[in-house]
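Chemist: structure for this input, please:
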Amino acid sequence: MSFLSRKKAAPEAATAAEYRTDDMKTFVFEEFPMTLADLKKRPEADLKDPFGTAALTLVALCVYVEDREAGGEMLNFLKGPAKLSNFDRQFLADRFAEYDYVPASFFEGAVPENDYTPDEPYKLTVCAGAHSFDTEGYMTLFIKSGGADSPRMIKLRNKPSTGEWFVWDYVGLLSGVKTPVSQNPWA
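Modeler: Residues are numbered from 1 along each chain as shown. Next up is the predicted model:
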């Protein structure tokens, strides 16, 4: 194949140099996209902004609680070349069997006292931190939960050939949070 028939290179990916440790972005969802097709209509679905990919991951986890198939499709899209493994699917099933309220806890207004019912429209703030840019090609971002004392992390990996940021490690988002009042026998 000659150079004339090759596709032009993808635009340069956003690099850590384009972000600062005090960067934060708030995303607003009038309603949750409930299918992969709906998720792809969101501007963040171009996956060029790691903050947007992180926000969509929480949307996908909320959908996964309601519909494993639809949520799994969304997570596979957000994970790019590294699809959900059987281990990932089992981990999510185990986690959400008892703690299905955890993903909702990251949206504004969702606290134990209201059983993690977020305010509408749904808002989510994603932040960079002191160690967000420690590893080249990866970015660690943080999201505050209404049920935890410290923000939780999500790690994203850049695919330089396309400029996209994919979910690499989301397990930190699924750590336990305070029990909702309606489920807490000590409340």
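
Chemist: list the helices and strands the helix or strand hosting Thr140 packs on?
Modeler: Element membership for Thr140, per DSSP states H and E: strand 138-143. Helices and strands touching strand 138-143, by 3 or more Cβ pairs under 8 Å, 6 or more residues apart in numbering; DSSP states H and E, are helix 50-66, strand 122-127, strand 152-159. For the C-beta atoms, the positions are set from N, CA and C on the backbone; glycine is no exception.

Chemist: contacting residues around it?
Modeler: Contact with strand 138-143 is made by 16, 19, 50-51, 54, 58, 106, 124-129, 131-134, 151-158, 165, 168, 173, as judged by Cβ atoms under 8 Å, 6 or more residues apart in numbering.

Chemist: only whichever of those residues are buried, select them in PyMOL.
Modeler: In PyMOL, this line selects whichever of the contacts of strand 138-143 come out buried by 16 or more other Cβ atoms under 10 Å:
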select buried, resi 16+19+50+51+54+58+106+124+125+126+127+128+132+133+151+152+153+154+155+156+157+158+165+168+173
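
Chemist: for Ala82, which of the helices and strands packed on strand 138-143 is the nearest?
Modeler: Closest approach to Ala82 among the helices and strands packed on strand 138-143 (Cβ to Cβ): strand 152-159, 7.9 Å.

Chemist: could you dump the helix or strand bottoming out on mean pLDDT in the chain to CSV, C-alpha only?
Modeler: Scoring the helices and strands of the chain by mean pLDDT, DSSP states H and E places helix 86-98 at the bottom, with a mean of 94. Taking Å, rounded to 0.1, in the frame of the first residue of the first chain, the C-alpha atoms of helix 86-98 are listed here in CSV:
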residue,chain,number,x,y,z
ASN,A,86,-15.7,-13.0,32.8
PHE,A,87,-13.9,-12.0,36.1
ASP,A,88,-15.1,-8.4,35.6
ARG,A,89,-18.7,-9.5,35.0
GLN,A,90,-18.6,-11.7,38.1
PHE,A,91,-17.1,-8.9,40.2
LEU,A,92,-19.8,-6.5,39.1
ALA,A,93,-22.6,-9.1,39.8
ASP,A,94,-21.2,-9.8,43.2
ARG,A,95,-20.7,-6.1,44.1
PHE,A,96,-24.1,-5.1,42.9
ALA,A,97,-25.9,-8.0,44.5
GLU,A,98,-25.5,-6.2,47.8
